[in-house]
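S.K.: got a structure for you, letters missing:
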């Protein structure tokens, strides 16, 4: 039986082309590490990968917000802790005053307390890396003047940052002040009448005047109230730090999870692809060898067939 050499040749060519295309695809997937780069590679996987990439973009945006919030809340808590320690030290000075202390000794304490107020002013008026006043509110003004008085140009507006869907944390706190109108903050509270700056200034005055009675009966209770007030801000800023840290951990876990899912969808499984490559290579070589033999037999059959004559 004569084999149609043209049909057989075309069959072998088509088969070898299919194998070559499969080999080229696998080789590209192995070299690039990507098995899905466009919809035609795998429509379902490509659609899922597109959705995951959009989710990762949102998570990365939250990562940026979290990083900024972490900086702000850490600075807030550090400042509140320092202010608490300064007011606490002033309270200790006032506690040490009694009827046996000389005027000179009290004036020395007045000088020390004045130094504490200067340190507190420096902390309250600190600026961030971008040059804005951390505790001046949205007006970007120093909360205190150089003499330790409230700056009426500063306002009491705070800001919050969204660190996860539906989860915002306060990232700016304000000093507040007894201006017109008064603004509540960590230095002033209109509800309780706490005024940290006024209390420190009055304590300094009474110490310098050697008025032990005023220090113990008036200044010390006021300092205690001020200390309790600042303590609340130490606690709230610490809670904000914890909230940001928790959001950061959750965000990182989601990024890792989504990234792994994306890799599973789009990245080449090297062990599997390598095995497939070898299998197709073997099939390709076997097809060429078999085709060569079949064509050779077909030629011999053709040559051995007698011609009509």
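M.R.: Sure, I can see it. None of the values given here were measured: they were computed from a predicted structure. Residues are numbered from 1 along each chain as shown.
S.K.: where are the low-confidence patches of the protein?
M.R.: 1-41, 265-309 (pLDDT under 70).
S.K.: ranges for the strands of it?
M.R.: Remark: strands assigned in the chain by DSSP state E are 159-164, 167-172, 188-189, 194-195.
S.K.: Just checking: what are the partner strands of the last one?
M.R.: Take DSSP bridges as the rule and strand 194-195 pairs in its sheet with strand 188-189 (antiparallel).
S.K.: returning to that earlier point: can I get the strands of the chain in TSV with mean neighbour count and distance to residue 66?
M.R.: Quick note: C-beta positions are derived from backbone N, CA and C, even for glycine. Compiled in TSV, the strands of the chain are given as follows (neighbours: other CB atoms under 10 Å; distance: least, CB to CB, whole Å):
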stretch	mean neighbour count	distance to residue 66
strand 159-164	17	5
strand 167-172	18	9
strand 188-189	22	30
strand 194-195	22	33
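S.K.: so which of those strands comes closest to residue 67?
M.R.: strand 159-164 (9.8 Å; CB to CB).
S.K.: The strands of the chain: which one's closest to residue 86?
M.R.: strand 194-195 (15.2 Å).
S.K.: contacts for the closest one?
M.R.: 178, 187-188, 225-226, 229 (CB atoms under 8 Å, 6 or more residues apart in numbering).
S.K.: Max pairwise distance over the residues you listed: which two?
M.R.: Using CB to CB for every pair in those, the one that comes out farthest apart is 178 and 225, at 14.7 Å.
S.K.: Domain map for the chain?
M.R.: The chain breaks down into these domains under automatic domain parsing: 79-263, 270-309.
S.K.: Quick check: end-to-end length of the first one?
M.R.: Which is domain 79-263. 43 Å (CA to CA, to the nearest Å).
S.K.: Off-centre distance for that domain?
M.R.: Centre-to-centre, domain 79-263 and its host chain are 26 Å apart (CA atoms, centre = their mean, to the nearest Å).
S.K.: all helices of this protein, in order?
M.R.: 5-32, 43-96, 103-124, 196-208, 212-214, 220-266, 270-304 (DSSP state H).
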